[in-house]
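[1] quick one, structure for this:
(2 chains)
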2 protein chains.
Amino acid sequence: MRMAELARRSGLSVATIKFYLREGLLPHGTRTGVNQAVYGTSHLERLRLIRALARVAGLPLHTIRTVLDALDEGPSVLDAMAITQDALVGEVEGSEPDTEARRRLAEVVRARGWNCEPGSPAYLAAERAIADLQAEEFDELLAHLDDYARIADEVGRLDLQAVASLGRLDVMIRGVVLGSVLRRTLLDTFVLLAQQHHANAPRVAEPVAIDGS
Amino acid sequence: MRMAELARRSGLSVATIKFYLREGLLPHGTRTGVNQAVYGTSHLERLRLIRALARVAGLPLHTIRTVLDALDEGPSVLDAMAITQDALVGEVEGSEPDTEARRRLAEVVRARGWNCEPGSPAYLAAERAIADLQAEEFDELLAHLDDYARIADEVGRLDLQAVASLGRLDVMIRGVVLGSVLRRTLLDTFVLLAQQHHANAPRVAEPVAIDGS
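    Residues are numbered from 1 along each chain as shown, chains lettered A, B, ... in the order given. The predicted structure is shown next:
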């Protein structure tokens, strides 16, 4: 396809696409004349991925470059996922370790049988989230870490199921980005609606059955 | 208690507390001398709530004032929750309605039997989240809206259960704020760990059973 069609189908302006070409984020097309080139489906998918990383996830250019460079190495799905997660989580600030939070998280992970990476940004961010709850002395919520982990497990499985059906690696990575950012917002807003519903219901103070019914 | 103790127990500096007194966010204590006053538990709880709204939720001062003013009217738990949710969600930008997203959300809400407020910021934000998924043509995720709603229902119930046990209205509202912000981060990071686990597992592309096991 020509540049004009690439712009139309990617939802990006020609100027933006030319910027990505100059920056080396998008490979050049096949030259067909002095000022003309044609682009293929791989260019379109790459642009859609860049758009997701930039506009949806709000990542800066140098982080996008890191993700794309890593993908060009032809990683496994697992490695690609780790690279994407790391970019999305970013640096976890104030790395002062909290031993109580660390112990609590290790216990949750062990109880769920999760096979995950203790040094990863996601893991450190989870530790930090627990430490924040501890700092606010929100014991009522800390008492339910296992329940939230069980719910998170379902969300993670659904996310992966949606992404795994996408096939191509760059399409899957775009799915991980969109899944992480857009699905998060979706779930957040759905939770608010569920809160409205349950606050309306008179049985709000009663013990709640958790197992799905 | 004296100002020094109030500062120590609230985790805020004396200067910050004096600022909140001047701004009228915190009621004055009982005067015991020219430059002395004593403060009660209600002052401490109010400060903890302000801290949660300011530091954890990152709300600007005028929004915090709106929330506190509304709480001082002595609302029901349901109204207090709605006020807090509205403040947390904020204005939903770009109110161009998307009829397809609206239809999809109405269907999800109907299927779950949720009793919630179609005009509320949370509802509009949910519509927007679905419209964003549509714009990215993320059909694999849109096909599972009901699953995410079911999961959100569990989260909402757990949140309300944790908050309902807190008793006093200002303590509960602080619980809603902390629950909405800190629990959201907690769940997000747990989902990343679950994704790591399920990406590790060889059965990632298989159909996934959703019902809790």
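[2] can I get stretch A:177-197 in PDB, CA atoms only?
    Output in PDB follows, covering the C-alpha atoms of stretch A:177-197 (Å, rounded to 0.1, in the frame of the first residue of the first chain):
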ATOM      1  CA  VAL A 177      -0.500  -3.200  25.900                       C
ATOM      2  CA  LEU A 178      -4.100  -2.600  25.100                       C
ATOM      3  CA  GLY A 179      -5.100  -5.300  27.500                       C
ATOM      4  CA  SER A 180      -3.000  -3.800  30.300                       C
ATOM      5  CA  VAL A 181      -4.200  -0.200  29.800                       C
ATOM      6  CA  LEU A 182      -7.700  -0.400  28.400                       C
ATOM      7  CA  ARG A 183      -8.800  -3.500  30.200                       C
ATOM      8  CA  ARG A 184      -7.500  -1.900  33.500                       C
ATOM      9  CA  THR A 185      -9.800   1.100  32.900                       C
ATOM     10  CA  LEU A 186     -12.600  -1.100  31.900                       C
ATOM     11  CA  LEU A 187     -12.300  -3.200  35.100                       C
ATOM     12  CA  ASP A 188     -11.900  -0.200  37.300                       C
ATOM     13  CA  THR A 189     -15.100   1.400  36.000                       C
ATOM     14  CA  PHE A 190     -17.000  -1.900  36.200                       C
ATOM     15  CA  VAL A 191     -15.900  -2.200  39.900                       C
ATOM     16  CA  LEU A 192     -17.300   1.300  40.500                       C
ATOM     17  CA  LEU A 193     -20.700   0.200  39.100                       C
ATOM     18  CA  ALA A 194     -20.600  -3.000  41.200                       C
ATOM     19  CA  GLN A 195     -19.800  -0.800  44.300                       C
ATOM     20  CA  GLN A 196     -22.900   1.300  43.400                       C
ATOM     21  CA  HIS A 197     -25.000  -1.800  43.200                       C
END
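[3] avg pLDDT for it?
    The average pLDDT for stretch A:177-197 rounds to 84.
[4] likewise stretch A:103-117?
    pLDDT averaged over stretch A:103-117 gives 93.
[5] same thing with stretch A:50-70?
    Here the average pLDDT along stretch A:50-70 is 87.
[6] near chain B at all, that stretch?
    Yes. Using Cβ under 8 Å from any Cβ of the partner chain, stretch A:50-70 reaches chain B at A:Ala52, A:Val56. Where you see a C-beta, it was placed from the backbone N, CA and C, and this is true even at glycine.
[7] which residues touch that stretch?
    Under the criterion Cβ atoms under 8 Å, 6 or more residues apart in numbering or on different chains, residues A:10-12, A:20, A:23-26, A:46, A:49, A:79-80, A:83-84, A:87-88, A:90, A:173-174, A:177-178, A:180-182, B:132, B:136 lie in contact with stretch A:50-70.
[8] ok, 10 Å please
    Residues from elsewhere that reach stretch A:50-70 (Cβ atoms under 10 Å, 6 or more residues apart in numbering or on different chains): A:10-12, A:16-17, A:19-20, A:23-26, A:46, A:49, A:79-80, A:82-84, A:86-88, A:90, A:170, A:173-178, A:180-182, A:185, B:132, B:135-136, B:138.
[9] got a ChimeraX select line for the buried ones in the residues you listed?
    Only the buried members of the contacts of stretch A:50-70 enter the following ChimeraX selection, criterion being 16 or more other Cβ atoms under 10 Å in any protein chain shown:
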select /A:10,12,16,17,20,25,26,46,49,80,82,83,84,86,87,88,170,173,174,175,176,177,178,180,181,182,185 /B:132,136,138
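[10] any idea which helix or strand carries A:Phe19?
    Using DSSP states H and E, A:Phe19 falls within helix A:14-22.
[11] extract the C-alpha set from the next helix-or-strand element following that helix and format it as CSV.
    Counting by DSSP H and E, the element after helix A:14-22 in chain order, helix or strand, is strand A:30-33. C-alpha atoms of strand A:30-33 as CSV (Å, rounded to 0.1, in the frame of the first residue of the first chain):
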residue,chain,number,x,y,z
THR,A,30,10.1,-0.9,-0.7
ARG,A,31,11.1,2.0,-2.9
THR,A,32,9.1,2.3,-6.2
GLY,A,33,10.3,5.8,-7.3
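[12] quick one: the helices in chain A?
    Under the criterion DSSP state H, chain A contains helices at A:3-10, A:14-22, A:41-51, A:61-72, A:77-89, A:99-112, A:121-135, A:139-142, A:145-164, A:169-178, A:184-200.
[13] need those helices in JSON lines with distance to B:Arg112, can you?
    Below are those laid out as JSON lines (distance: least, Cβ to Cβ, whole Å):
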{"stretch": "helix A:3-10", "distance to B:Arg112": "36"}
{"stretch": "helix A:14-22", "distance to B:Arg112": "40"}
{"stretch": "helix A:41-51", "distance to B:Arg112": "32"}
{"stretch": "helix A:61-72", "distance to B:Arg112": "36"}
{"stretch": "helix A:77-89", "distance to B:Arg112": "29"}
{"stretch": "helix A:99-112", "distance to B:Arg112": "26"}
{"stretch": "helix A:121-135", "distance to B:Arg112": "27"}
{"stretch": "helix A:139-142", "distance to B:Arg112": "23"}
{"stretch": "helix A:145-164", "distance to B:Arg112": "16"}
{"stretch": "helix A:169-178", "distance to B:Arg112": "24"}
{"stretch": "helix A:184-200", "distance to B:Arg112": "8"}
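[14] ok, back up a step: what comes into contact with the helix holding A:Phe19?
    A:3-4, A:6-8, A:10, A:12-13, A:25-29, A:37, A:39, A:43, A:46-47, A:50-51, A:54, A:61, A:64, A:68.
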